[in-house]
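> Sequence unavailable; structure follows:
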């Protein structure tokens, strides 16, 4: 594995916040999804069970991430809101973009349980990305610094969030969701929007 991903592997090794029971998850109306997004959601629905996500190589980065303030000058234009708990599949980093295999799954805290909220496609610049990728007719956000402290700031990357299970007042492709709240202070992190960086 490339050295640049070593810190991500260490973060992924810390599995946490795994529930004992699952809760029903409200999903957006099917009419709001394109056929391609319906296909993606159907393929990923099994990961409403986070244990199965861990089985398939997605490991929790533990912290629930939220952004109390919108991104400003020189930062990614994040609306204020949350992302939730990231489950990262290191094995998918650097692979060709595949709509059915996102590198990250995002879970919403609900007490001591987790509910699947969104998927994220994550493309670090060291993988050779030349300009912003596109998927679902959308251009990825970035390039930006890594989301410290759950990843090194030097992990410059592009990403695209799609809120397939949690309705998002800011829009399905918004990076943050104002309806996501981090409920456990011990593992909740309030961050500033990451800084934009030059493309390679």
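Received it, and whenever you're ready, just let me know what you need. All values derive from a computational prediction rather than experimental measurement.
> packing partners for the longest helix seen in the chain?
In the chain, assigned by DSSP state H, the helix with the most residues is helix 35-44. The contact analysis (3 or more CB pairs under 8 Å, 6 or more residues apart in numbering; DSSP states H and E) places helix 35-44 against strand 113-124. For glycine as for every other residue, the C-beta is placed from the backbone atoms N, C-alpha and C.
> Just give the strands next to the strand it packs on in its sheet, each with its orientation.
Its sheet considered, strand 113-124 pairs with strand 104-110 (antiparallel), strand 157-162 (antiparallel) by DSSP bridges.
> State the mean pLDDT of the first one.
For strand 104-110, mean pLDDT rounds to 95.
> For that strand, buried residues please.
For strand 104-110, a neighbour-count test (16 or more other CB atoms under 10 Å) marks 104-109 as buried.
> Pick out whichever of those sits closest to residue 156.
residue 104 (16.0 Å; CB to CB).
> How about the contacts made by the closest one?
Contact analysis of residue 104 by CB atoms under 8 Å, 6 or more residues apart in numbering lists 58, 86-89, 119-122, 159.
> again, but for residue 153
So residue 153 contacts 145-146, 194 (CB under 8 Å, 6+ apart).
> Distance-wise, check it relative to residue 144.
As judged by CB to CB, to the nearest Å, residue 153 and residue 144 stand 10 Å apart.
> got it, and residue 182?
In terms of CB to CB, residue 182 sits 21 Å off from residue 144.
> Looking at those two, which one has more neighbours?
residue 144 (24 against 19; other CB atoms under 10 Å).
> Could I get the full set of strands for this protein?
Per DSSP state E, the chain carries strands over the ranges 59-67, 81-88, 104-110, 113-124, 134-135, 138-139, 141-144, 157-162, 188-190.
> residues of stretch 67-84 that come out buried?
For stretch 67-84, by 16+ other CB under 10 Å, it's 67, 71, 75-76, 78-79, 81-84.
> meant to ask about stretch 112-131, not that
Buried positions in stretch 112-131, judged by neighbour count with 16+ other CB under 10 Å: 113-126, 129.
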